[in-house]
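Asks: Got a sequence here, can you model it:
(chains A and B)
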Amino acid sequence: MAIEVRIPTILRTYTGGAKQVEGTGSTLGELITDLEARHAGLQDRLVDAGALRRFVNVYLNDEDVRFLSGLETPVKDGDTVTVLPAVAGG
Amino acid sequence: MLTIPRDLYEKIVAHARKDHPDEACGVLAGPAGSDRPERFIPMENAERSPTFYRFDSHEQFRVWREMDDHDEEPVVIYHSHTATEAYPSRTDISYASEPNAHYVLVSTRDDDQAEFRSYRILDGEVTEEPVSIVE
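Replies: Below you'll find the predicted structure:
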């Protein structure tokens, strides 16, 4: 078992085109660091200065992690993490 | 070129009028890879602002999952400008994140005539495209 991570179209350049990848870790931050080892460049698109980037939404199962504990949010085997770019503008 | 059925075109304009002077936003979903908008999904503007829009993150999650379940994708992402022309702003360009989508801008600055234009936005580059409204 591992944690399933769903990758949006715009970030699939970092996953060789894969829609879905797997990783491990006990927090979201650790999971992202683990993914970075196999998908170099992904971390920088998700994290900036130790926090999630403002215009990236990350969900644990179906909850926005901003309403949980951000990068400190605990994750476990069997969870699904979904990354979606925020849709925003002026 | 964006080819859009007239009823969807009219729904977008009506949504933009209804939320004026705040910006309205939403999606037209269509079968993945078809480039054919079929389903109108008006979204909440979480910013409720005349100068900014952002999809509510929970609503976006539900809608994106629903599209995934139906093997659909966001063919069109639309929003309105309520005081300026229907051209992508600097923030629109920097946050554009769906490389396959048509970005539709509607301006409601004129009470009688809505301006409706479509763009591709890729790596910070904006390309306007013709809009064909079909019956």
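
Asks: where does the residue lying closest to A:R45 once chain neighbours are set aside fall, phi/psi-wise?
Replies: Using Cβ to Cβ, 6 or more residues apart in numbering or on different chains and skipping the chain neighbours, the partner closest in space to A:R45 is A:L11 (5.9 Å). (C-beta placed from N, C-alpha, C; glycine too.) When read as degrees, to the nearest 10, the backbone of A:L11 gives phi -100, psi 0.

Asks: wait, A:L11 sits on A:V83?
Replies: Yes. Using Cβ atoms under 8 Å as the test, A:L11 is close enough to A:V83 to be in contact (6.6 Å).

Asks: For chain B, what lies in contact range of chain A?
Replies: Contact residues, chain B versus chain A (Cβ under 8 Å from any Cβ of the partner chain): B:25, B:43, B:47, B:51-55, B:57-58, B:60-62, B:64-65, B:77, B:79, B:88-92, B:95-100.

Asks: Now intersect those residues with the helices, please.
Replies: Within the residues of chain B next to chain A, residues falling in helices by DSSP state H are B:S57, B:H58, B:Q60, B:F61, B:R62, B:W64, B:R65, B:R90, B:T91, B:D92, B:Y95.

Asks: what about the first one, neighbour count?
Replies: What that stands for is B:S57. 19 (other Cβ atoms under 10 Å in any protein chain shown).

Asks: Tell me who's in contact with it.
Replies: For B:S57, the contacting residues are A:N57, A:Y59, A:D64, A:R66, A:L84, A:A86, B:A46, by Cβ atoms under 8 Å, 6 or more residues apart in numbering or on different chains.

Asks: Just the closest of these to B:I12, please.
Replies: B:A46 (18.8 Å; Cβ to Cβ).

Asks: any idea what sits nearest A:P74, other than its immediate chain neighbours?
Replies: A:T27 (5.9 Å).

Asks: Drop anything exposed from the contacts of B:S57.
Replies: A:N57, A:Y59, A:D64, A:L84, A:A86, B:A46 (16 or more other Cβ atoms under 10 Å in any protein chain shown).

Asks: In a markdown table: these, plus pLDDT, distance to B:D110 and secondary structure.
Replies: Putting the buried ones among the contacts of B:S57 into a markdown table (pLDDT from 0 to 100; distance: Cβ to Cβ, whole Å; DSSP: H, G, I helix; E, B strand; the rest coil) gives the following:
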| residue | pLDDT | distance to B:D110 | secondary structure |
| --- | --- | --- | --- |
| A:N57 | 97 | 34 | strand |
| A:Y59 | 98 | 39 | strand |
| A:D64 | 97 | 37 | strand |
| A:L84 | 97 | 34 | strand |
| A:A86 | 96 | 30 | coil |
| B:A46 | 97 | 27 | coil |
